[in-house]
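Chemist: This is a predicted model, with the sequence first.
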Amino acid sequence: MKSRCFAICLTVMVFLMPLGVFAGSWSQINQPILRPEGWQPYVTESTFALGDKAPFAEGSPLSLQQWGNYPSIDGSTVSVPLGMELARQHLAVPEGDLNGFVTFSTTHSAYERLILKKPNPNVSLASSQTVLDPTYPVDLILVTAPSDEEQALAQEQGVELVIKPFCYDAFVFLVNAENPVDSLSVDEIRQIYSGKLLDWGQVGGNVNTPIDAFQRPKNSGSQTAMEQLVMRGHPLIVARSNYISSGMSELVAQVGNYNNGQRAIGYSYLYYVTGLYKSGNVKVLSVDGIAPTRENLSLEKYPFTVSYYAVYLKENEKAERFVSWLLGEEGQRSVAQAGYIPIMSLQNSQ
């Protein structure tokens, strides 16, 4: 009876997952993620494949498939399109199955799953009614930089994180589209978020317009970047609860909300606000007069240039092999095809 109930639950999961009903990264995305126009199969003979498949249980329509030598992957919302591209390249996953196969749980949860050796239990291939082994621990996460607490958790668990950058992006500051300010200095941003600058008139905006500075929760990817990359030891003001956005989509929505007018400021990643969650009511600021353009990021001119990372536990040879491929030419071409700026220069590659 227990097996039958579990099979029924998994059947429901298989058919609902492509609709994005589960919590996690899909709840933070409002744009369709489509196969790029002119898509190229850079992997001709993959050495990574899913494993054996068998009936889930007697009489069940489901199949249970092992991970084989393809890594179980989790990650940040900003890495969802890359997870989809990797599945296209190596496994030829049908487009309609990708939403169910790439079920990232967001940054902090992904780090916890990796460090604590927990599974990503919600991975499916709907068209073939297949569930990937829901007990298999996560091999690899595609994420933003770890927080101090996540590093401490790894140390407590006696595991070593291998952290490899695979692309560039910009950590950006957003204001309401009605705000006349187009650029802030690094120092002005730090003073705003330490509570020393309180009015937009102090930074070239409209006078007598209070600054509403939105933040993200502790250990979210963007909050870690704010603390480590931007503030760098400067005190970060304790935000009121209604100025802490639980998800990246919520922060973008709050900054763009007409009620906030010219007052709001927040932060996110450029790839996210230009490709995954779009809002016509916000604009991206330059920093020190430098816009987060592709060229400025590649040359690391933009002050808050960041990387995304492939992270795995040191003893995981499967993940090590996969990341080695990701950082090679085929992998970096796949990164670029998914819309990211690869770490490796591809300009002179044929």
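Modeler: Structure received. Numbering: from 1, shown residues only.
Chemist: Backbone dihedrals for Gln228, both of them.
Modeler: Recorded main-chain torsions at Gln228 are phi -90, psi -40, according to degrees, to the nearest 10.
Chemist: Correct me if wrong: Phe104 contacts Pro81.
Modeler: No. Using Cβ atoms under 8 Å, Phe104 and Pro81 do not qualify as a contacting pair, with a distance of 10.4 Å. To be clear about C-beta, it is placed using only N, CA and C from the backbone, and glycine gets the same treatment.
Chemist: Nearest residue to Ser185 in space, please, no chain neighbours.
Modeler: Asp288 (5.3 Å; Cβ to Cβ, 6 or more residues apart in numbering).
Chemist: And the one you found, what's its pLDDT?
Modeler: Among the per-residue scores, Asp288 shows a pLDDT of 97.
Chemist: Can you give me the distance of it to Ile211?
Modeler: Using Cβ to Cβ, to the nearest Å, one obtains 19 Å as the distance from Asp288 to Ile211.
Chemist: Which one's more surrounded, those two?
Modeler: Ile211 (21 against 15; other Cβ atoms under 10 Å).
Chemist: Now do the contacts for that one.
Modeler: Under the criterion of Cβ atoms under 8 Å, 6 or more residues apart in numbering, the neighbours of Ile211 are Ile192, Leu197, Leu198, Asp199, Trp200, Arg263, Ile265.
Chemist: Count the residues that sit near the second one.
Modeler: Applying other Cβ under 10 Å, we find 19 other residues in the vicinity of Leu197.
Chemist: Excluding covalently adjacent residues, which one is nearest to it?
Modeler: Take Leu197 and drop its neighbours on the chain: the residue closest to it by Cβ to Cβ, 6+ apart is Gln191, 4.3 Å away.
Chemist: Which helix or which strand is home to that neighbour?
Modeler: Per DSSP states H and E: Gln191 is located in helix 186-193.
Chemist: What's the mean pLDDT across that helix?
Modeler: Taken as a whole, helix 186-193 has a mean pLDDT of 96.
Chemist: And the next helix or strand past that helix?
Modeler: For helix 186-193, the succeeding helix or strand toward the C-terminus, using DSSP H and E, is strand 212-213.
Chemist: elements contacting the helix or strand following that next one?
Modeler: Next along the chain after strand 212-213, taking DSSP H and E as the criterion, comes helix 221-225. Using 3 or more Cβ pairs under 8 Å, 6 or more residues apart in numbering; DSSP states H and E as the contact criterion, the elements in contact with helix 221-225 are helix 107-115, strand 264-269.
Chemist: can you list contacts of the first one?
Modeler: Contacts to helix 107-115, defined as Cβ under 8 Å, 6+ apart, come from residues 24, 74-77, 104-105, 118-120, 137-138, 140-141, 143-144, 146-147, 150, 153-154, 157, 159, 161, 219-221, 224, 311-313.
Chemist: The stretch 51-200 of the chain: helices as residue ranges?
Modeler: The residue ranges that make up the helices of the stretch 51-200 of the chain, judged by DSSP state H, counting those that start in this stretch, are 80-91, 98-101, 107-115, 148-157, 186-193.
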